[in-house]
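[1] how would this look folded up:
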Amino acid sequence: MQERIEINPRVCGGQPVIRGTRISVAAVLEQLALGESWDVLLRGYPELTRGDIRAALDYARQAILHTEINAFSPA
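    Residues are numbered from 1 along each chain as shown. The predicted structure is shown next:
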């Protein structure tokens, strides 16, 4: 995944992007969440590959797995 996803403060405000592009992981995930097929996504972003889409999904999965929820009780 690290060879496909890049975080650079000078690219897209530091959002994770597909390496070598300005296509954010969030944009890929949003399109998929809206029901866009992989084939349509690939036609819309010709520089994107199936491996890039898999990396974006894996990046999101890893982010969720490493998110810590802090439960708190009202005082």
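[2] Now the phi/psi pair for the residue nearest the centre of the chain, please.
    In the chain, the centroid-proximal residue (Cα atoms, centre = their mean) is Val25; its distance is 2.2 Å. Note on Val25: its backbone torsions stand at phi -60, psi -40 [degrees, to the nearest 10].
[3] Let me see the ranges of the helices in this protein.
    Assignment of helices within the chain using DSSP state H yields the ranges 25-33, 38-44, 50-65.
[4] Wait, Glu6 touches Cys12, no?
    No - with contacts defined as Cβ atoms under 8 Å, Glu6 does not count as touching Cys12, sitting 9.7 Å away. (Each C-beta comes from the backbone N, C-alpha and C, glycine too.)
[5] Out of the helices of the chain, which is closest to Arg19?
    Evaluated over the helices of the chain, closeness to Arg19 peaks at helix 50-65, with 8.3 Å, by Cβ to Cβ.
[6] what is the orientation angle of the closest one with helix 25-33?
    The directions of helix 50-65 and helix 25-33 differ by 100 degrees, with axes from the mean of the first three to the mean of the last three Cα atoms, to 10 degrees as the criterion.
[7] Quick check: buried residues in helix 50-65?
    Residues of helix 50-65 classed as buried by neighbour count (16 or more other Cβ atoms under 10 Å): 52-53, 55-56, 59-60.
[8] Perfect, that will be all.
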